[in-house]
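Student: What follows is a protein structure lacking sequence information:
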DNA sequence: GTCTATAGGGGGATAGAC
DNA sequence: GTCTATCCCCCTATAGAC
């Protein structure tokens, strides 16, 4: 391990990050990675113990990147419900799926090396939404009998599920419709007295 | 093609149905199928053109089975919102995922042979939920400004997404929590005047 | 229809020169 | 650190006997 521009090492990781998104883990062969990265087989096995090890390194970076993007998204001066809505409305690549969530159904994901970075990301999404809901509840913006934890889980699931529907339909309109439904739920739990924040 | 008990043919399909659920498509090798089914390679390629062809046959059956189960679930005398809640509360194998939805992120799913049976099932779920919502709306049970189509999409997504969260957590509690959230949404859109049906 | 034997190709990993 | 050459095994499919 050296500075940061290991050149080949980082190229290998970058290629793997792309391929994990495009193909998933099982369908991603070392040959493909090497080809895409411009490195040789030797560099691959010099820097990494194997495919799993490289995938872990790549997925750790993806998770960190997505968490960072997420943190920035929720770091606005907008009201809590508007922040959730902004998250729901973020532009998404419906066909490729969530960079992390799309991997959960592969067998290899049962190994913690791959599972934990995914879990970390999804937990973070839940954390932000949950925090927003609690803030909104405290401010009296939403009904007081709402369970913020489970509703936050629901919103996380909606986004992940919308990718599933989009892939099955091979169209973007279902994802759009799903998000419309989600936003209307956000309005439905909003107290009528605080219209400004909900809209 | 003969009667129905082709014996080996149906054994091959049955084994494939199991393996698609356990491993997915890419990770499911003809060798595994043959082993599991008790048939020889010869029977495999006598009855089917290849892996894709067998998977299509198996997935068609899975889709038909799940649709049939679904139709029965929604075919009760209960109120429309109670039928949706019953769907949300149906026992699910959180770890293995939806028999159909779990496959959408595989590359091979872009081929219509595999995609369409999945889409047919998800469309059917949407159809039932949407019908319930329209019925509820007509009866004045839910708010009149609710868009039944997009809310139905949202509920379908919630179930699919809850499998994603469960796989990432390797626990059943997140799925449970997600469904709690979904049910509370159902209550949130219910008109206070018609408490009986919502609860 | 069902079986065993076999083939071609790619997946994942190693050896060893530079 | 990086490269090319090579290995073994399993994946998918075919051949041909019974």
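Tutor: Cool, got the structure. These figures come from a predicted structure and were not determined experimentally.
Student: Distance of residue A:50 relative to chain B?
Tutor: 18 Å (Cβ to the nearest Cβ, to the nearest Å). Backbone N, C-alpha and C define where each C-beta goes, glycine included.
Student: Got the phi and psi for that residue?
Tutor: Here is the backbone geometry of residue A:50 (degrees, to the nearest 10): phi 170, psi -170.
Student: Does DNA strand C have contacts with the longest helix seen in chain A?
Tutor: Counting by DSSP state H, the longest helix found in chain A is helix A:112-138. No: residues of helix A:112-138 are not located near DNA strand C by Cβ under 7 Å from any atom of the strand, the shortest gap being 12.3 Å.
Student: Please compute how far that helix lies from its chain's middle.
Tutor: 10 Å (Cα atoms, centre = their mean, to the nearest Å).
Student: how long is stretch A:104-113 end to end?
Tutor: Start-to-end span of stretch A:104-113 (Cα to Cα, to the nearest Å) is 12 Å.
Student: Any part of it near chain B?
Tutor: Yes: Stretch A:104-113 is in contact with chain B by Cβ under 8 Å from any Cβ of the partner chain, via A:104, A:105, A:106, A:107, A:109, A:110.
Student: Just give the number of residues close to residue A:36.
Tutor: 17 (other Cβ atoms under 10 Å in any protein chain shown).
Student: ditto for residue A:8
Tutor: Residue A:8, neighbours per other Cβ under 10 Å, totals 18.
Student: Over to the one 10 residues further on?
Tutor: The local packing count at residue A:18 equals 17, with neighbours defined by other Cβ under 10 Å.
Student: re earlier: out of the residues of stretch A:104-113 next to chain B, which is most surrounded?
Tutor: Neighbour-wise, the residues of stretch A:104-113 next to chain B (other Cβ under 10 Å) top out at residue A:104, 26 neighbours.
Student: and it, what does it touch?
Tutor: Contact partners of residue A:104, counting by Cβ atoms under 8 Å, 6 or more residues apart in numbering or on different chains, are A:115, A:118, B:164, B:167, B:168.
Student: which SSE is the residue lying closest to residue A:22 once chain neighbours are set aside in?
Tutor: The shortest distance from residue A:22 to any residue other than its chain neighbours is 6.8 Å, reached at residue A:96 (Cβ to Cβ, 6 or more residues apart in numbering or on different chains). If you go by DSSP states H and E, residue A:96 is not part of any helix or strand.
Student: ok so, going back, please compute how far the helix or strand that comes right after the longest helix of chain A lies from its chain's middle.
Tutor: Under the assignment DSSP H and E, the closest C-terminal helix or strand after helix A:112-138 is helix A:148-169. The chain centre lies 11 Å from the centre of helix A:148-169; the measure is Cα atoms, centre = their mean.
Student: next one: stretch A:35-43
Tutor: 28 Å.
Student: can you check stretch A:129-145 too?
Tutor: Worked out by Cα atoms, centre = their mean, stretch A:129-145 lies 23 Å from the chain centre.
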